[in-house]
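Peer 1: A structural model of the following input is requested.
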Amino acid sequence: MWKSVFAAVCAAASFLVPAACWAADSDIVVNTPTAAASCLLSVDGTVTSTPKLPATAVTIDYLPPGGGASVRLGTNLPLKDGAYHWAGAVPGYMSIASGGQVRVTTNRQVSATGAVTPSCGS
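Peer 2: This is a model prediction of the structure:
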């Protein structure tokens, strides 16, 4: 359903570059990231893209529960064979609370979010 809604928006929006619509609709797929926390956060995942519009890097943000300000974890982290990994402490957080998420955005502005599974002092 979302693909058809997005396609309709792309078709109706004359200001969008067709390549941007293609990129978000079919050429790049950010698979749902997995994230686990044990005082530190570890984020892993994969991105699928096409040679004509390759995704080469990702930016990772931590989204705290309750809608607080996002925290940038990594910027333009290179993909290795379509995979990415980030691990470390979330700046400003002593522990990772239940309900947090991570958002992974490619250099082509296609993104996905995944839930964080905390296991330390939540």
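Peer 1: what's the neighbour count on Val110?
Peer 2: Neighbour count of Val110, defined by other C-beta atoms under 10 Å: 21. (C-beta placed from N, C-alpha, C; glycine too.)
Peer 1: That one contacts Ala55, doesn't it?
Peer 2: Yes - Val110 is within contact range of Ala55, at 7.0 Å (criterion: C-beta atoms under 8 Å).
Peer 1: I figured Val90 hits Leu73, correct?
Peer 2: Yes - using C-beta under 8 Å, Val90 is in contact with Leu73, at 6.9 Å.
Peer 1: any residues in contact with both of the two?
Peer 2: Leu41, Tyr62 (C-beta atoms under 8 Å, 6 or more residues apart in numbering).
Peer 1: more crowded one of these two?
Peer 2: Set side by side, Val90 and Leu73 show more neighbours around Leu73, with 22 against 19, by other C-beta under 10 Å.
Peer 1: Correct me if wrong: that one contacts Ile60.
Peer 2: Yes - counting by C-beta under 8 Å, Leu73 touches Ile60, with 4.4 Å between them.
Peer 1: Look up the residues that both of those two are in contact with.
Peer 2: The contact lists of Leu73 and Ile60 share Val43, Trp86, Val102, where a contact means C-beta under 8 Å, 6+ apart.
Peer 1: could those residues go into TSV alongside neighbour count?
Peer 2: TSV is the format used below for the shared contacts of Leu73 and Ile60 (neighbours: other C-beta atoms under 10 Å):
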residue	neighbour count
Val43	26
Trp86	19
Val102	26
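Peer 1: Which of those fall within strands?
Peer 2: Val43, Trp86, Val102 (DSSP state E).
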